[in-house]
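# No sequence on hand, only this structure:
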């Protein structure tokens, strides 16, 4: 008898899980339900669509429902909202949002991949047509249309994290004046002090007005129904467009109807096989889950497309009868902020200390290539390590070129439990146009080894 595998959610984890399940069990019937119009698209590319660096909006769509069925054998039903999971009878309640019909669908195995939901301020005017988040393709298209048609001159970006900085960068590239409202003294609170200073200086150099410690108190709505002013604890800012980039939360409400356990972050609790804890025959993947931090061995919440895809593969394989194991994950985030590459991997010093590591941070500055070569740039390396064991726990790498890929190298070291001594001894390429004799990676490891 054919195995019937149902997947809820169509962004990153859902299509990955569905496709993997179909590859593992080619005879299975795999059906994916997505409440929106689109599946399998790039969220991380949205700021570059807004900046006009990506010209064609259709390029953001990786798989259409038709292509997913043709190439992967997965039936994708868009505009279908799953309202309840009945774990005891192995059924879900699905509403066809176009037809208005509600029906039950039986499953042998179910995969929840409902992703995350952007946080929004609980203020009147938050649903205005010129207030946006950066999480869904239809909203990205609406934002681009608004920019192209209304040609706003001033923008307010609420939040100084990765997404807020990307959007500030995008607006400046379009010639829009940007005010960034942030709830701390400097942007990017997960970075160490040195990194936050560099980012702060970079946005100021490119004309962004940064308002620290700002509490958003009200939105002023104009005659056309648009937000025309944002009231804060530091004063009023007039604007033509608002972007809220204040974080995301797991979209895990379906767990309540299925008896599935949820963790301290509100996400679905899963085993290392991506089985949802508390219910049989149900798996979960992606941003709706809490996952094991490979450094601390404790649950964490992390919204990353790479992690969502990997957990989707694990859930899909196991739902189709496999035995794959997810070993864990960690923060690996990079962003372009005007002329800077900003990378943060692993734990911050504050996080490491809160988890009872005897942690220490040390910053060095190194060259991107041999000093006599044209175009040489400075790169800042901040390494976080455990004083007792010498284990590398985290890093910030910031520079005009080469920072992201150097951070990737350190990320590998962190994932495999390497020490600062190991990092200092890495055999790295020396070639004058691209890398100096002693790379900043080696130097940061050596300097940290001496310090601890």
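Nice, I can see it. Because the structure is predicted, anything quoted here is derived from the model rather than measured.

# now the helices for the protein?
13-24, 46-50, 65-72, 137-150, 162-173, 193-205, 255-258, 305-319, 349-354, 403-415, 420-424, 440-451 (DSSP state H).

# quick one: the first one to helix 65-72, angle?
In this case it means helix 13-24. 30 degrees (axes from the mean of the first three to the mean of the last three C-alpha atoms, to 10 degrees).

# Return the most buried member of the helices of the chain.
Burial of the helices of the chain is given as mean neighbour count (mean count of other C-beta atoms under 10 Å); helix 13-24 ranks first at a mean of 27. The way it works is simple: take the backbone N, C-alpha and C, and place the C-beta from them, glycine included.

# name the helices or strands packed onto that helix?
When contacts are defined as 3 or more C-beta pairs under 8 Å, 6 or more residues apart in numbering; DSSP states H and E, helix 13-24 packs onto strand 4-8, strand 29-34, helix 65-72, strand 109-112, helix 305-319.

# ok, 10 Å please
Counting contacts by 3 or more C-beta pairs under 10 Å, 6 or more residues apart in numbering; DSSP states H and E, helix 13-24 is packed against strand 4-8, strand 29-34, helix 65-72, strand 75-78, strand 109-112, strand 282-284, helix 305-319.

# so which of these gets nearest residue 346?
helix 305-319 (14.0 Å; C-beta to C-beta).

# Could you give the separation of the closest one from the chain centroid?
Put simply, helix 305-319 sits 16 Å off its chain's centre (C-alpha atoms, centre = their mean, to the nearest Å).

# re the thing from before, between the helices and strands packed on helix 13-24, which gets nearest to residue 132?
helix 305-319 (19.6 Å).

# Would you mind giving the orientation angle of that closest one with respect to helix 13-24?
Using the same axes, to 10 degrees: helix 305-319 against helix 13-24 is 40 degrees.

# I'd like to know the average pLDDT value across helix 305-319.
The predicted model gives helix 305-319 an average pLDDT of 97.

# returning to that earlier point: out of the helices and strands packed on helix 13-24, the one nearest residue 84 is which?
Nearest of the helices and strands packed on helix 13-24 (C-beta to C-beta): strand 4-8, 11.0 Å.

# would you turn the helices of the chain into JSON lines with distance to residue 80?
Output for these, formatted as JSON lines (distance: least, C-beta to C-beta, whole Å):
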{"stretch": "helix 13-24", "distance to residue 80": "12"}
{"stretch": "helix 46-50", "distance to residue 80": "24"}
{"stretch": "helix 65-72", "distance to residue 80": "11"}
{"stretch": "helix 137-150", "distance to residue 80": "16"}
{"stretch": "helix 162-173", "distance to residue 80": "28"}
{"stretch": "helix 193-205", "distance to residue 80": "41"}
{"stretch": "helix 255-258", "distance to residue 80": "17"}
{"stretch": "helix 305-319", "distance to residue 80": "19"}
{"stretch": "helix 349-354", "distance to residue 80": "39"}
{"stretch": "helix 403-415", "distance to residue 80": "37"}
{"stretch": "helix 420-424", "distance to residue 80": "49"}
{"stretch": "helix 440-451", "distance to residue 80": "48"}
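
# For residue 88, which of the ones you listed is the nearest?
Short answer: helix 255-258, nearest of these by C-beta to C-beta, at 9.2 Å.

# if we can go back for a sec, and of the helices of the chain, who's closest to residue 79?
Residue 79 sits nearest to helix 65-72 of all the helices of the chain, at 10.3 Å, using C-beta to C-beta.

# Return the distance of that closest one from the chain's centre.
26 Å.

# what do you get for stretch 89-108?
Using C-alpha atoms, centre = their mean, the offset of stretch 89-108 from its chain centre is 30 Å.

# what mean pLDDT does it have?
96.

# Kindly report the same for stretch 349-369.
96.

# Ends of it, what's the gap?
Using C-alpha to C-alpha, to the nearest Å, the end-to-end distance of stretch 349-369 comes to 28 Å.

# Same question for stretch 174-193.
30 Å.

# Which positions in it come out as buried?
176-182, 186-188, 190-192 (16 or more other C-beta atoms under 10 Å).

# cool, stretch 370-390 as well?
For stretch 370-390, by 16+ other C-beta under 10 Å, it's 376, 379-386, 390.

# nearest to residue 53, of the helices and strands packed on helix 13-24?
Per C-beta to C-beta, nearest to residue 53 of those: helix 305-319, 18.5 Å.

# In this structure residue 28 contacts residue 322, no?
No - counting by C-beta atoms under 10 Å, residue 28 does not reach residue 322; the two are 11.7 Å apart.

# quick one: common contacting residues for the two?
Residues touching both residue 28 and residue 322 (C-beta atoms under 10 Å, 6 or more residues apart in numbering): residue 21.

# Those two: who's more crowded?
Per other C-beta atoms under 10 Å, whichever of residue 28 and residue 322 has more neighbours is residue 28, with 22 against 17.

# Excluding chain neighbours, what is closest to residue 53?
Nearest residue to residue 53 in three dimensions, chain neighbours excluded: residue 173, at 7.5 Å (C-beta to C-beta, 6 or more residues apart in numbering).

# Equivalent analysis for residue 422, please.
residue 413 (6.5 Å).

# can you check residue 75 too?
In this structure, residue 75 finds its nearest non-sequential neighbour in residue 31, 4.7 Å apart by C-beta to C-beta, 6+ apart.

# Run through the residues that contact that neighbour.
4-8, 18, 74-77, 80, 94, 105, 107.

# Let me have those residues in a markdown table, adding distance to residue 213 as columns.
Below are the contacts of residue 31 laid out as a markdown table (distance: C-beta to C-beta, whole Å):
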| residue | distance to residue 213 |
| --- | --- |
| 4 | 53 |
| 5 | 49 |
| 6 | 47 |
| 7 | 43 |
| 8 | 40 |
| 18 | 45 |
| 74 | 48 |
| 75 | 50 |
| 76 | 45 |
| 77 | 46 |
| 80 | 44 |
| 94 | 46 |
| 105 | 49 |
| 107 | 49 |
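
# any idea how far residue 207 is from the residue nearest to residue 53?
Distance of residue 173 to residue 207, computed by C-beta to C-beta, to the nearest Å: 11 Å.

# Which neighbours do the two have in common?
residue 338.

# Tell me who's in contact with residue 76.
Residues in contact with residue 76, defined by C-beta under 10 Å, 6+ apart, are 7, 10, 14-15, 18, 30-34, 39-40, 63-69.

# Quick check: residue 177 touching residue 206?
No - in this structure, residue 177 is not within contact of residue 206 by C-beta under 10 Å, at 11.3 Å.

# Overlap of the contact sets of those two?
Joint contacts of residue 177 and residue 206 (C-beta under 10 Å, 6+ apart) do not exist.

# so what does the lowest-mean-pLDDT helix or strand in the chain touch, helix or strand wise?
Ranked by mean pLDDT, DSSP states H and E, the helix or strand of the chain with the weakest confidence is helix 255-258, at a mean of 86. Applying 3+ C-beta pairs under 10 Å, 6+ apart, one finds that helix 255-258 makes contact with strand 80-86, strand 91-96, strand 109-112, strand 268-269, strand 282-284.

# Tell me which of these sits nearest to residue 121.
strand 80-86 (24.9 Å).
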